[in-house]
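Asks: Structural data only, the sequence is not supplied:
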């Protein structure tokens with residue numbers, strides 16, 4: 001059986017593997033003005049005029065760019081910070097401390113699929 005398998009020329013094992021495209025340089029891809037990388041250190045991309053300068057790419061985004069937050073703006077309001085729930089939950093230190101403690105004590109669920117992996121270690 002092995003001799004028969006070795007005598008047949010099948011070619012490469014995975015002939016249709018996609019090839020990774022070559023990396024492009026910054027000059028080939030102009031950065032958009034709304035790209036969070038260009039916003040780090042300033043608030044030019046802010047549309048609500050309530051955002052502040054943030055030090056990281058992840059934080060340098062206006063909440064209006066996130067679809068789920070638009071429904072939280074009260075009728076006739078300009079910003080999500082005018083929402084009653086926002087002020088009661090996000091601006092009270094005791095509330096934030098409580099949520100932080102709850103989230104930090106949550107444990108990852110025991111995934112049955114991962115148990116064999118843990119046993120092999």
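Replies: Yep, it's here. Nothing here was measured: the structure is a model prediction, and the numbers come from that model.

Asks: Buried residues, stretch 66-79. List them.
Replies: By neighbour count on 16 or more other Cβ atoms under 10 Å, the buried set for stretch 66-79 is 72-73, 79. The C-beta positions use only the backbone N, C-alpha and C, and glycine is treated the same way.

Asks: got it, and stretch 44-64?
Replies: Within stretch 44-64, the residues that count as buried by 16+ other Cβ under 10 Å are 45-46, 51, 54, 60-64.

Asks: pLDDT weak spots in the chain?
Replies: 1-37, 39, 45, 47, 107-121 (pLDDT under 70).

Asks: what's in contact with the lengthiest helix in the chain?
Replies: Longest helix of the chain, by residue count under DSSP state H: helix 93-105. With Cβ atoms under 8 Å, 6 or more residues apart in numbering as the test, helix 93-105 has contacts from 88-90.

Asks: same thing but 7 Å
Replies: The contact list for helix 93-105 (Cβ atoms under 7 Å, 6 or more residues apart in numbering) reads residue 89.

Asks: go on, stretch 73-85?
Replies: Contact partners of stretch 73-85, identified using Cβ under 7 Å, 6+ apart, comprise 48, 50, 63, 69, 72, 86.

Asks: wait, which of these is closest to residue 40?
Replies: Nearest to residue 40 among the contacts of stretch 73-85, counting by Cβ to Cβ, is residue 63 at 16.7 Å.

Asks: How is the residue nearest to that closest one when sequence neighbours are not counted classified with respect to secondary structure?
Replies: Take residue 63 and drop its neighbours on the chain: the residue closest to it by Cβ to Cβ, 6 or more residues apart in numbering is residue 69, 4.7 Å away. What DSSP: H, G, I helix; E, B strand; the rest coil gives for residue 69 is helix.

Asks: all strands for this structure, in order.
Replies: Using DSSP state E, no strands are found in the chain.
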